[in-house]
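Asker: Kindly generate the corresponding structure for this input.
(3 chains)
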Amino acid sequence: MKFLRYMGSPLEIAAVGFAALMVLLAIIGPLIAPHDPYEVDFFNRFLPPSTEYFFGTDATGRDVFSRVLYGARLTLASALVVIVIVALIGIIIGVVSALSGGLVDDVLMRFTDIWLAFPPLVLAMGFAAAFGAGINAAILALIITWWPGYARLTRALIVETKDKDFIVAAKAMGIGKIRTIIFHLIPNSLDVLFVQLTLDVAAVILVISGLSFIGVGAQIPLAEWGAMIADGRSAMSRAWWVVFFPGLAILLTAVSFNLVGDILRRELDPALRRREF
Amino acid sequence: MNKETAKNVAVYIGQRVSLTAIALVVLSFMTFTLGQLVPGDAAVVAAGPNAGNERIAELRVEMGLDLPIHKQYGIYLSKLSRGDLGKSWFTHQPIWEDIKDRLPASAELVFLAMLLNVLISIPLGVLAATRFDSKIDGAIRLMVMAGAGIPIFWLGLILQHYVAGEAGWFPIAGRISFEYRDFSGSTGFLLIDTALQGEWQIFWDVLNHLFLPAITLATLFIAVVTRTTRSTVLRTLQEDYVTLARSKGISEYQVVVRHALRNALIPTITIFGMQIGWMLSTTILVEEIFSRPGIGKYAVKAITQSDIHGVVGVVLVMGVIFLITNLIVDIVHLFLNPRHRESVQGQ
Amino acid sequence: MKPSIRKFLVPIMALLLPTGVLAGPSGTLVIAENLTPENLDPANAQNSTVDQLMLGMYDTLVQFTAGETTVSPRLATDWSASADGLTHTFNLRNGVTFHDGSALTADDVCFTFDRNQAAGANALTDAGPYDSCNIVDDHTVQLNLSAPFGPFVSALGRVYIVNKDLVEPHMGDNFARTWLSVNEAGSGPYALKSYKPDDSVSMTAYPDYWGGWDGNHVAEVVFRVVPEASTQAALLKAGEVHIAPDLTIDDKIALQGKDGYITDIGAAATPLYFMINVQAGGPLSDKLFRKAIIMAVDIKALCDAVLQGFCAYPEGPMPSNWPGHVGGIYPEFDLEGAKKIIDDNGWAGTEVNLTFLPEEEIQQRASEMWQANLAKIGVTLNATGSTWPALYAAAQSLDTAPDAGGSSAFPPFPDPHGILYGLLHSSKMGINGGTNFSQYSNPEVDDRLDRAASSADQNERMKLYGEVQEIVGNDYIHVLVAQPASVVTLSDKVVGYKYNVAHHQTFNFMDIGLK
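Answerer: This next block holds a predicted model:
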């Protein structure tokens, strides 16, 4: 992979490391969590951080550290689901639009234009209110609001690539259209798409935790970081740790994925113009 | 601008306006669909609790629930054109009235956040670009990174609890101090009204209540604009005409401000325009934390109460505001940027 | 000054001073409220956020003074009932005026009752089998019932009399609900000054109030909407609010006994239930399943650790400190026993949907605890936060009614009927527009409740209510989450606050003065 070539400053190494750590925790977190994140024990409420409870306990006596670990899986898995489905939908529509050209292209792009005008938070909130609260509703809402960006990006990339020499050559050689799309057009655009995906992981995490904070996303007792912050809000004066650690987790995760995305972008095409969409 | 360009520009504007009109229709269709998605009988939902059967039957007819769906959409559209967004379940008042009353509070918040954005991000961006690769540049880039990744609601809570609560430097919540609660003005925008009436103590009080929410709201956007300004200024500084200016012996200050900045700022202005809509939507989080009576807080309350018409009303109003600000920004951009003007063909 | 005037000045001042020259309300009382007052319509007075405003702006025929358990005269000076209990006659007080200056007469009283009846107001349906109202003369009213109802007069504490002249013109618009939601038409001690539901509601003393203004009263009352518990605490400490009822329990305990604060503990009789929808279908319609999931709630831990002792152990649907309470019929907390029931019947994997009210901290903690325990016995609990009006609306149809709903009983009068009827009678099922969110319909229970309602024999009534509790105890329709005390933290500048058993979560601001 190209990005391993240049790992620059200690900050960038740290960012990549942290992002990788988060992914690892998302996979094995629940296995290494010292306590059950859902075990209610009212007699251990609001214990400060200690060797037993690294990040202290919350209002129902649950271990904040274990919940942050479980939250990593929840948060990253949700973001991944959103991103993957959004990318799939976007790529399909983008390819269709780019290769059809003409009216179909126009209509689809106008449609995505309109969709792109709305910030995800409001639309997601509207859909979540209609579907009912819950993490699945929030994920669905985000998918509905996020795909246009990828459609536009893919279309722009395909349009730029399809007239390139090697595609024309492929056609001349008689390689079928579908094969061209799958094996030549799309892979050529994957790099740029991947950068956008990485950057969007951070954005999706911020929106999902925001939705959970206001009560629309993850419901109790899920250990979603935004929901944990909402829960600990009334106790900030006596238990700062309930709000602090989940928030720190969001911050560090978002920042590290942003940085990784930046590194990727710089590595892929430092000289070429960045594609705006 | 010559005739050819003028014609293209006019055509372009025409297209953007009609695109916006279509977008508004799409928006209305979407909110109509949202309203239909709610489980249960729509008339019962609209009637709210305590409604008698008569009232429900009345609503059933009024909403045309027994008509085919496209007729229902027609009724919905005609209501929208009259500004009828339905009635709130609980207050029994027209939702448009409820939203209209709360818009000024949110508008003031967005305005101050935007102001802070402009005042902070452009100087920071320029500073970072001109001191490229220095410690200052590094520090600014670090701040930008943190600002782009910080959850706004978390930041707000921390600021509220420590800066306002413990240190007491700012008020904890609300739009105005309790002692001034009876103040009212003609526009509904407290900053304007207090200034008009010369009530400078109250003006300052309102500003005090705005500061923490505004800085919370602006953080993410400041990060984005600082980064954009930095990169566009950097790029502009490498352009030929800048090298030319430098070779002519023009001072660095002149080079930066009069030549580079002016050109770098144009894309930035477009971004500011788009951010207005984004900021308005983010008020949902900020107003909840600081207990400000704006449409963001109204939206959260509507969600908690399952008042779907209230939520849909907010989505609709915010959507309209986005579309119109985007249109205005587009047109302004056209007039500001000669290159963009020239490049506009009938698309 | 001329000597002649001076001669009079001294006796005049001597007359004035003992009574307090400044007799008359003064000061502004600020009360924090964590919920938006739903609206100003007296027809919605069963909702406490509305009721607390009604108490100031309107008058009733009779009312419970805070601290007392029987009604005293208000608009009615005296009353009597016919021998068959079907006709109640009330003599109205002279000289009562509405805030607009017009006189309050029997016409307004009958209009109010008619309007409530037409609009289906719960405040009136709680008052029993009301039938009609007759105007005998300007100051005499007859209220007719279709069946005798013992607690009828007590129930009138929630029927707020409106000004017919102001309200009648709007009856065409949803029975004046739209107009009355944002306007007031009352005769009470305080008149509405401003209503900004997200922000604050303020009222100012009505100078011509029939009750007069002797004693220490406030000139203005402001309800300040502060949804966050920690913000309420900060405002109380800063002296910006005088009463902060929604602090976290930990904050309330921390301030107890501290200088500058009063902690008032009212003997509340407001049990909190998770009402299980018996008509939900599936295992929920089987009372053995319901028993099992009820056994998964550790109510002692909730009382001891969460409410930290400011509670009583609930042992049945009635408050434990009330006459007629029957104890010992509620299943004990027993996770193993519950698991056995679930396993024996193959109910593992069942999903239950709970709607709770996060505005009450105890509900959220109880939900989380129930979730954790049910998970241990193989049942999945999906918990969603909502508000009381939304829950009430959802319960009106079986399509939208949750499997369990968190709701407290706020008895409108201190009598078993005030709790048990709305909770258990089939006419009060959620789908009938009532507060029986369990959708429970049992003719045996209905029969006893109706008989107790129309009986005047206290012994017979208590016996019937006892039987009701036993029957219901064996049907397992509620989780008895808690019986919390009313703990209110006030600034010590507040003089005269007393808890009112008939108006839970309200404040007797009309009797309060500031030091």
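Asker: SS state for residue B:303?
Answerer: Secondary structure state of residue B:303, per DSSP: H, G, I helix; E, B strand; the rest coil, is helix.
Asker: same question, residue C:204
Answerer: Relying on three-state DSSP, one would call residue C:204 strand.
Asker: need the contact list for residue A:195.
Answerer: Contacts were defined as Cβ atoms under 8 Å, 6 or more residues apart in numbering or on different chains; by that measure residue A:195 touches A:261, A:264-265, A:268. (Each C-beta comes from the backbone N, C-alpha and C, glycine too.)
Asker: what's the helix or strand for it?
Answerer: For residue A:195, the host element (DSSP states H and E) is helix A:186-213.
Asker: Ok, residue C:352 next?
Answerer: Under the criterion of DSSP H and E, residue C:352 resides in strand C:351-356.
Asker: now swap in residue C:300 and tell me
Answerer: helix C:299-301.
Asker: Which strands or helices does that helix pack on?
Answerer: Applying 3 or more Cβ pairs under 8 Å, 6 or more residues apart in numbering or on different chains; DSSP states H and E, one finds that helix C:299-301 contacts strand C:478-484.
Asker: quick one, what contacts residue C:204?
Answerer: C:190-191, C:193, C:219-221 are the contacts of residue C:204 under Cβ under 8 Å, 6+ apart.
Asker: Please disregard the earlier target; I meant residue A:225.
Answerer: So residue A:225 contacts A:68, A:71, A:75, A:209, A:212, A:246-247, A:249-250 (Cβ under 8 Å, 6+ apart).
Asker: These in helices, which ones?
Answerer: Members of the contacts of residue A:225 lying in helices (criterion: DSSP state H): A:68, A:71, A:75, A:209, A:212, A:246-247, A:249-250.
Asker: Tabulate these (CSV), appending neighbour count, pLDDT and distance to chain C.
Answerer: Shown next, in CSV, are these (neighbours: other Cβ atoms under 10 Å in any protein chain shown; pLDDT from 0 to 100; distance: Cβ to the nearest Cβ, whole Å):
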residue, neighbour count, pLDDT, distance to chain C
A:68, 24, 95, 17
A:71, 30, 94, 16
A:75, 29, 92, 20
A:209, 32, 94, 17
A:212, 28, 92, 12
A:246, 30, 96, 16
A:247, 23, 96, 16
A:249, 24, 95, 21
A:250, 28, 96, 21
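Asker: By mean pLDDT, which helix or strand of chain C comes out lowest?
Answerer: helix C:3-19 (a mean of 51; mean pLDDT, DSSP states H and E).
Asker: Could you identify the helix or strand that succeeds that helix?
Answerer: Elements were assigned by DSSP H and E; along the chain past helix C:3-19, the next helix or strand is strand C:28-33.
Asker: Packing partners of that following strand?
Answerer: strand C:220-225, helix C:229-237, strand C:243-244.
Asker: any idea of the mean pLDDT in it?
Answerer: Strand C:28-33 carries an average pLDDT of 94.
Asker: the inter-axis angle of it versus strand C:220-225?
Answerer: 20 degrees (axes from the mean of the first three to the mean of the last three Cα atoms, to 10 degrees).
Asker: Let's see strand C:28-33 as PDB, backbone CA atoms only.
Answerer: C-alpha atoms of strand C:28-33 as PDB (Å, rounded to 0.1, in the frame of the first residue of the first chain):
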ATOM      1  CA  THR C  28     -41.000  37.800  42.600                       C
ATOM      2  CA  LEU C  29     -41.000  34.100  43.200                       C
ATOM      3  CA  VAL C  30     -39.100  32.000  40.700                       C
ATOM      4  CA  ILE C  31     -39.800  28.300  40.300                       C
ATOM      5  CA  ALA C  32     -37.700  26.100  38.000                       C
ATOM      6  CA  GLU C  33     -39.600  23.600  35.900                       C
END
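Asker: Give me the contacts around it.
Answerer: B:178, C:49, C:52, C:218-226, C:232, C:235-236, C:240-246, C:494, C:507, C:509, C:512, C:514.
Asker: Provide a list of residues in contact with residue 134.
Answerer: In the absence of a named chain, this looks at chain A. A:128, A:217-219, C:382, C:384.
Asker: that's the wrong chain, I wanted chain C
Answerer: Residue C:134 neighbours (Cβ under 8 Å, 6+ apart): C:110, C:141-142, C:144.
Asker: With neighbour count as extra columns, can I get those in TSV?
Answerer: Formatted as TSV, the contacts of residue C:134 follow (neighbours: other Cβ atoms under 10 Å in any protein chain shown):
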residue	neighbour count
C:110	19
C:141	26
C:142	16
C:144	15
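Asker: For residue C:337, give me its contacts.
Answerer: Neighbour list for residue C:337: C:292, C:295 [criterion: Cβ under 8 Å, 6+ apart].
Asker: Quick one: neighbours of the closest residue to residue A:79 other than its chain neighbours, just the number.
Answerer: Using Cβ to Cβ, 6 or more residues apart in numbering or on different chains and skipping residues adjacent in sequence, the residue nearest residue A:79 is residue A:204, 4.5 Å away. The burial count assigned to residue A:204 is 27, neighbours taken as other Cβ atoms under 10 Å in any protein chain shown.
Asker: I figured residue A:204 hits residue A:83, correct?
Answerer: Yes - counting by Cβ atoms under 8 Å, residue A:204 does reach residue A:83; the two are 6.4 Å apart.
Asker: who's in contact with residue B:129?
Answerer: So residue B:129 contacts B:137, B:229-231, B:233-234, B:237 (Cβ under 8 Å, 6+ apart).
Asker: per-residue confidence for residue C:23?
Answerer: 62.
Asker: so what's the backbone phi/psi at residue A:51?
Answerer: The phi/psi pair for residue A:51 (degrees, to the nearest 10) reads phi -70, psi -30.
Asker: Show me which residues of the stretch 51-200 of chain A sit near chain B.
Answerer: A:110-111, A:113-114, A:117-119, A:121-123, A:125-133 (Cβ under 8 Å from any Cβ of the partner chain).
Asker: quick one, helices of chain A?
Answerer: Under DSSP H, chain A gives helices at A:10-32, A:64-100, A:102-116, A:120-131, A:135-162, A:165-172, A:177-180, A:186-213, A:225-232, A:240-268.
Asker: Buried residues in the longest one, which are they?
Answerer: Of the residues in helix A:64-100, those buried by neighbour count under the rule 16 or more other Cβ atoms under 10 Å in any protein chain shown are A:64-76, A:78-79, A:81-83, A:85-87, A:89-91, A:93-99.
Asker: do the fifth one as well
Answerer: By neighbour count, with 16+ other Cβ under 10 Å as the criterion, the buried positions of helix A:135-162 are A:135, A:137-158, A:161-162.
Asker: Please verify my assumption that residue C:87 contacts residue C:79.
Answerer: No - the pair residue C:87 / residue C:79 is not scored as a contact, 10.9 Å apart, by Cβ under 8 Å.
Asker: Out of the ones in helices among the contacts of residue A:225, which two sit at the greatest distance?
Answerer: A:68 and A:212 (14.1 Å; Cβ to Cβ).
Asker: three-state assignment of residue C:489?
Answerer: Following three-state DSSP, we place residue C:489 in the strand state.
Asker: Next up, the contacts around it.
Answerer: Residue C:489 touches C:236, C:243-245, C:247, C:251-252, C:255-256, C:261-264, counting by Cβ under 8 Å, 6+ apart.
Asker: Model confidence for residue 6, exactly?
Answerer: All of this refers to chain A. For residue A:6, pLDDT reads 52.
Asker: try chain B instead
Answerer: Note on residue B:6: pLDDT of 79.
Asker: So what's the residue count around residue B:241?
Answerer: 12.
Asker: any idea how far residue B:337 is from it?
Answerer: 16 Å (Cβ to Cβ, to the nearest Å).
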